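J.: Take this sequence and fold it.
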Amino acid sequence: MELDLKDRKILAELEMNARITHAELGKVVGLSKQVVKYRIERLEKENLIQGYNAIVDLSKLGEVIYVIYLKLIKISSVQEKVWMKAIEKNTNVLGVGKNAGHWDMTFAIRCKNNQELDKIFKEISSGKSDRIKEKLITGEIESVYINLGLLHKGKKVEFETSEAQENIFIDETDKKIINYLSNNCRISLLDLSEKLGLSPNGAKNRIKQLEIKKIIIGYKTKINYEKIGYLHFRVFLHLNKFNKELYNKIKSFLKSKENVESVSRYIGYADVDFRCYSKNIVELYQFISDIKDKFLQEIIEVNSMPIFSWEKIIYYKSTSTKIS
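T.: A predicted model of the protein is given here:
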């Protein structure tokens, strides 16, 4: 899919500023708000833009993100798709992905403790346990999300979760706000206030408080880079001896690259986990070689996994709020 410079600038600005208005975006890219609106709608229709989601730091709400990898057997592609659709409907599931390589499927779950994780996984795998040959469960400690420079190079923007877990109280109205913004953060204040039964200023003030408390840490547009010829990979770094200083060095190195979208620290498998894009497998291997050379004494193993589908990640799906 070919994109002109204006489209690239629009996407680059939207990527980490998904709530920007058409008028504000028009000033940045040099177009009228009507033309910006038309271009965005076209990019949505062509599935280059796949969604607009608030990034929620669930650790502030006393929850943990668990990423689960499954190796499957004796299941057809049709059965697998049906199962993935069913998994997506679970209110604790943030996203589901299809992979290549050792692991066939990935999904992310939010929950408060291991007991809740066990309950949710049993619900998800009910009737499918004989199809699961192997599973790997990892728990997120911290993550940073970075804007890519593949479409148009600009100022680096990042959203970072906290490594310290809290349990900030939020009421039902706040939960509804997080729910709506997680599903579509470009919803207007007027529409949001009508759904909540608040004034637009009341809704705006509540959103501001959620941002101040760093429960909502940013607003991200899901761009379909595969549509314009990029391959999506998850890369795992196993370190000789992990420490925070080394992690920060690796994180800084990765954040400086134009093709890295997120860097995370998990417990349960690799020490560092990051997602990136490459034009081809050779480009990926060259990138991994650069990382190995940079941290020759610290990295003992690198694994990578192609991601074929991961359309969106919704950080908060409230059981009490129906999205319309």
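J.: what's the longest strand in the chain?
T.: Determined from DSSP state E, the single longest strand within the chain is strand 132-146.
J.: partners of that strand, with directions?
T.: strand 64-72 (antiparallel), strand 158-160 (antiparallel), strand 260-267 (antiparallel) (DSSP bridges).
J.: chain center to the last one, what's the gap?
T.: The reference is to strand 260-267. The chain centre lies 10 Å from the centre of strand 260-267; the measure is C-alpha atoms, centre = their mean, to the nearest Å.
J.: List the contacts of that strand.
T.: 67, 138-146, 148, 163, 247, 250-251, 254-255, 271-277 (C-beta atoms under 8 Å, 6 or more residues apart in numbering). (Each C-beta comes from the backbone N, C-alpha and C, glycine too.)
J.: now do the second one
T.: Under the criterion C-beta under 8 Å, 6+ apart, residues 16, 55, 142, 143, 144, 145, 146, 147, 217, 218, 220, 255 lie in contact with strand 158-160.
J.: and whatever helix or strand comes next after it, which residues are buried?
T.: Later in the chain than strand 158-160, the nearest helix or strand by DSSP states H and E is helix 172-183. Buried residues in helix 172-183, counted by 16 or more other C-beta atoms under 10 Å: 174, 175, 176, 177, 178, 179, 180, 181, 182, 183.
J.: which one among these gets closest to residue 83?
T.: Distance ranking of those against residue 83, using C-beta to C-beta, places residue 183 first at 22.4 Å.
J.: That closest one reaches residue 53, doesn't it?
T.: Yes. Applying C-beta atoms under 8 Å, one finds residue 183 in contact with residue 53, separated by 7.3 Å.
J.: Excluding chain neighbours, what is closest to residue 71?
T.: residue 134 (3.9 Å; C-beta to C-beta, 6 or more residues apart in numbering).
J.: gap between the two ends of stretch 237-253?
T.: 13 Å (C-alpha to C-alpha, to the nearest Å).
J.: Residues in contact with it: which ones?
T.: 144, 263, 265, 270-274, 291, 294-295, 297-303.
J.: where does the stretch 1-150 of the chain dip in pLDDT?
T.: For the stretch 1-150 of the chain, applying pLDDT under 70 flags no range at all.
J.: For it, which segments are assigned as strands?
T.: For the stretch 1-150 of the chain, the strands defined by DSSP state E, counting those that start in this stretch cover 49-56, 64-72, 93-99, 105-111, 132-146.
J.: Buried residues, stretch 50-65. List them.
T.: 50-61, 63-65.
J.: Closest one to residue 187 out of those residues, please.
T.: Nearest to residue 187 out of the buried residues of stretch 50-65 is residue 52 (C-beta to C-beta; 8.6 Å).
J.: wait, doesn't the closest one sit right on residue 218?
T.: No. Between residue 52 and residue 218 there is no contact under C-beta under 8 Å: 11.4 Å.
J.: buried subset of the contacts of strand 260-267?
T.: Buried among the contacts of strand 260-267 by 16+ other C-beta under 10 Å: 67, 138, 140-146, 148, 247, 250-251, 254, 271-277.
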